[in-house]
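Trainee: quick one, fold the following:
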Amino acid sequence: MFSSDSKKPKQQNSMETSTQQNIIAKGTKIVGDIASQGPFRIDGTVEGNVKTSGKIVIGKSGYIKGTLQGENADFEGKFSGKLILSGTLSLKSTAHIEGEVHTSKLAVEPGATFNATCSMKGTVKALPSEPVQQKPAGTAPQRPERQA
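Mentor: Numbering: from 1, shown residues only. I've put the predicted structure just below:
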């Protein structure tokens, strides 16, 4: 009887911590790696690797130098390094991105700076099941001869 009741608060606590947003405030500098299951808002500076399964928001004063891995990201601030997203990268007009970007979707507002090599992995359409036959190069189509 007591064991089933004691499990319920543990499940609620784990659910609450995974949905709460992590915030790195303006004026804060973190050097090192960060891993989280929840969403992030960065208004300070992070030098290192950030990995999360939640959404990442980089505010106007935010700066990341390193590797960022996640699902979706909204940038108003600066980024330098390697950015790997399984979802959408959204760049606001104040965003400044340099480095290497791997994402599924990209949205860029006018005014944003995007100096990066970008690889987008979208939905791949299936090729036709029958191969297309090509004619040898240099052969002209043959016309039937006219009879008078």
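
Trainee: quick one, strands of this protein?
Mentor: 22-24, 29-31, 34-36, 40-42, 45-52, 56-58, 63-70, 73-75, 78-85, 88-91, 96-103, 105-108, 113-120 (DSSP state E).

Trainee: format those as TSV; extra columns: mean neighbour count and mean pLDDT.
Mentor: Placement of C-beta: from N, CA and C, glycine included. Shown next, in TSV, are the strands of the chain (neighbours: other C-beta atoms under 10 Å; pLDDT from 0 to 100):
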stretch	mean neighbour count	mean pLDDT
strand 22-24	18	89
strand 29-31	12	94
strand 34-36	15	90
strand 40-42	22	92
strand 45-52	18	94
strand 56-58	24	94
strand 63-70	20	94
strand 73-75	24	95
strand 78-85	20	95
strand 88-91	22	94
strand 96-103	18	94
strand 105-108	14	92
strand 113-120	12	92
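
Trainee: residues in contact with stretch 64-71?
Mentor: By C-beta atoms under 8 Å, 6 or more residues apart in numbering, the residues outside stretch 64-71 that reach it are 40, 42, 45-56, 58, 77-87.

Trainee: switch to 6 Å and redo it
Mentor: With C-beta atoms under 6 Å, 6 or more residues apart in numbering as the test, stretch 64-71 has contacts from 46-52, 56, 79-87.

Trainee: do the same with stretch 28-40
Mentor: Residues contacting stretch 28-40 (C-beta under 6 Å, 6+ apart): 18, 20-22, 44-56.

Trainee: redo that, cut-off 8 Å
Mentor: Applying C-beta under 8 Å, 6+ apart, the contact partners of stretch 28-40 are 17-24, 43-57, 70.
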